[in-house]
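Asker: next one to model:
(chains A and B)
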Amino acid sequence: SQQGEEDPQALSIQEGENATMNCSYKTSINNLQWYRQNSGRGLVHLILIRSNEREKHSGRLRVTLDTSKKSSSLLITASRAADTASYFCGGSGGSNYKLTFGKGTLLTVNP
Amino acid sequence: NAGVTQTPKFQVLKTGQSMTLQCAQDMNHEYMSWYRQDPGMGLRLIHYSVGAGITDQGEVPNGYNVSRSTTEDFPLRLLSAAPSQTSVYFCASSYSGPYGYTFGSGTRLTVV
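Answerer: Numbers count the residues shown, from 1 in each chain, chains lettered A, B, ... in the order given. Below is the predicted model of the structure:
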């Protein structure tokens, strides 16, 4: 079964607004990763948060992890039209060798 | 670095045919994985490998075989293609430990 489940399935916002996507996972993880996929392209790694971390920042991205609730959130601040893409969370146990994903959130940023 | 290279980019097969999807990486990554992506289903893990000579099944392994004879290559074989295997296939690789995966650009496979 798939490890991550993103919520919402689709999100539409205006340029400049913040976008928040949530992810829940089923089994214990060693790390949780977020990826972006532009239409018809491969996934691009955005950020990784380890199970012993609670929050991590990278540019306009902020990721939180709550292992007690088995959930994570991705915040994109000051969104741009170029942020329009599908976003996936993936959970990995052990040494990162088995990464499984949820179904993704489709983010549309309107200019 | 070329990253992760997948060939072919597009393929049409007839039901019952066999073929091999190629995946190569030049980053000396230990871990390699194959995923399929179907509309509304996200990415599902087919098979993965933690090093040369070591492979294991993922979430949806039926109908697919893999081998890993070298660190660089991780081919995916469809033994007898079925319409249910129509999908976009992605190969990905990573170092061991807390690192992100690098994905290839995908192979779009249609089985008629």
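Asker: what about the residue of chain B found nearest chain A, how many residues close to it?
Answerer: As assessed by Cβ to the nearest Cβ, chain A sits closest to B:Gly100 within chain B, at 3.0 Å. Every residue, glycine included, has its C-beta placed from N, CA and C. For B:Gly100, the count of nearby residues is 21 (other Cβ atoms under 10 Å in any protein chain shown).
Asker: I'd assumed A:His45 was in contact with it.
Answerer: Yes - the criterion here is Cβ atoms under 8 Å, and B:Gly100 meets it with A:His45 at 3.0 Å.
Asker: tell me the confidence at the one residue sitting closest to the centre of chain B?
Answerer: Central residue of chain B (Cα atoms, centre = their mean): B:Trp34, 3.1 Å from the mean position. On pLDDT, B:Trp34 comes in at 98.
Asker: sec struct for B:Ser84, please.
Answerer: Here B:Ser84 is helix, with the state taken from DSSP: H, G, I helix; E, B strand; the rest coil.
Asker: from B:Gly58, how far off is it?
Answerer: 16 Å (Cβ to Cβ, to the nearest Å).
Asker: with neighbour numbers in mind, choose between the two.
Answerer: Between B:Ser84 and B:Gly58, counted using other Cβ under 10 Å, B:Gly58 has the larger neighbour count: 19 against 10.
Asker: contact partners for the more buried one?
Answerer: With contact taken as Cβ atoms under 8 Å, 6 or more residues apart in numbering or on different chains, B:Gly58 is in contact with A:Lys98, A:Thr100, B:Ser33, B:Trp34, B:Tyr35, B:Arg44, B:Leu45, B:Ile46, B:His47, B:Tyr48.
Asker: where's the residue in chain A that chain B sits nearest to relative to A:Phe88, distance?
Answerer: Relative to chain B, the nearest point of chain A is A:His45 (3.0 Å; Cβ to the nearest Cβ). Per Cβ to Cβ, A:His45 is found 10 Å from A:Phe88.
Asker: more crowded one of these two?
Answerer: A direct count of neighbours by other Cβ under 10 Å for A:His45 and A:Phe88 places A:Phe88 higher, at 25 against 17.
Asker: touching the host helix or strand of that one from outside, list them.
Answerer: A:Phe88 belongs to strand A:85-92 when assigned by DSSP states H and E. By Cβ under 8 Å, 6+ apart, the residues outside strand A:85-92 that reach it are A:3-4, A:6, A:21, A:23, A:25, A:27, A:29-39, A:43, A:46, A:72, A:74, A:98-107, B:42-43.
Asker: now, which of these lie within helices?
Answerer: Among the contacts of strand A:85-92, none falls in helices (DSSP state H).
Asker: quick check: residues of chain B near chain A?
Answerer: Applying Cβ under 8 Å from any Cβ of the partner chain, we find that chain B lies next to chain A at B:4, B:30-31, B:33, B:35, B:40-45, B:48, B:50, B:56, B:58-59, B:90, B:92, B:94-106.
Asker: from those residues, which land in strands?
Answerer: Counting by DSSP state E, the residues of chain B next to chain A place B:4, B:31, B:33, B:35, B:42-45, B:48, B:50, B:56, B:90, B:92, B:94, B:102-103 in strands.
Asker: much appreciated, bye for now.
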